[in-house]
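J.: got a predicted structure here, sequence first:
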Amino acid sequence: MEEPWNLECVSYAVDCLLSFVTEFVQDWDANDMRVSIFKILLGWLLISLVSIHFAWKVYGITVNDMYHRQVHKRSPVE
C-alpha cells in the first residue's frame with residue numbers, strides 16, 4: 001500500500017514559498033539597490049535570449065548547413 005502524503009511537509013513547503021514570494025514583492029516595491037541590479041540583470045538576460053533567438057532565425061540555416069556539409073568523395077582510380 002502507498003503511504004499517505006505527509007501534509008505537514010507539504011504545508012511547510014507552501015509556507016516557505018509563500019514567505020519567499022511575499023519578501024520578494026516587498027523588496028520589489030521598495031526599489032532598493034538589490035532590486036535595481038536584479039532588474040538590470042533580468043533585462044540583460046531577456047534581451048540576450050531574444051537576440052540569440054533572432055540571430056538563430058537569420059543565421060541558423062547557414063550554421064546548420066556548415067555543420068552538416070557533405071564531403072564529396074572522389075571516385076577511385078582504376
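T.: Good, I have the coordinates.
J.: low-confidence ranges, this protein, go.
T.: The model of the chain has pLDDT under 70 over residues 1-5, 70-78.
J.: and with 80 instead?
T.: Scanning the chain with the threshold set as pLDDT under 80 gives 1-6, 67-78.
J.: show me where it has helices.
T.: Using DSSP state H, the helices of the chain run over 7-30, 33-67.
J.: columns mean neighbour count on top of those helices, output as TSV?
T.: Quick note: C-beta positions are derived from backbone N, CA and C, even for glycine. Conversion of these to TSV gives the following (neighbours: other C-beta atoms under 10 Å):
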stretch	mean neighbour count
helix 7-30	10
helix 33-67	10
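J.: need the contact list for residue 58.
T.: Contacts here follow C-beta atoms under 8 Å, 6 or more residues apart in numbering; on that basis residue 58 touches nothing.
J.: how much space separates it from residue 51?
T.: 11 Å (C-beta to C-beta, to the nearest Å).
J.: and residue 21, by the same measure?
T.: 30 Å.
J.: repeat for residue 40
T.: Taking C-beta to C-beta, one finds residue 40 at 16 Å from residue 51.
J.: what do you get for residue 17?
T.: Distance, residue 17 to residue 51, using C-beta to C-beta: 32 Å.
J.: cool, residue 30 as well?
T.: In terms of C-beta to C-beta, residue 30 sits 31 Å off from residue 51.
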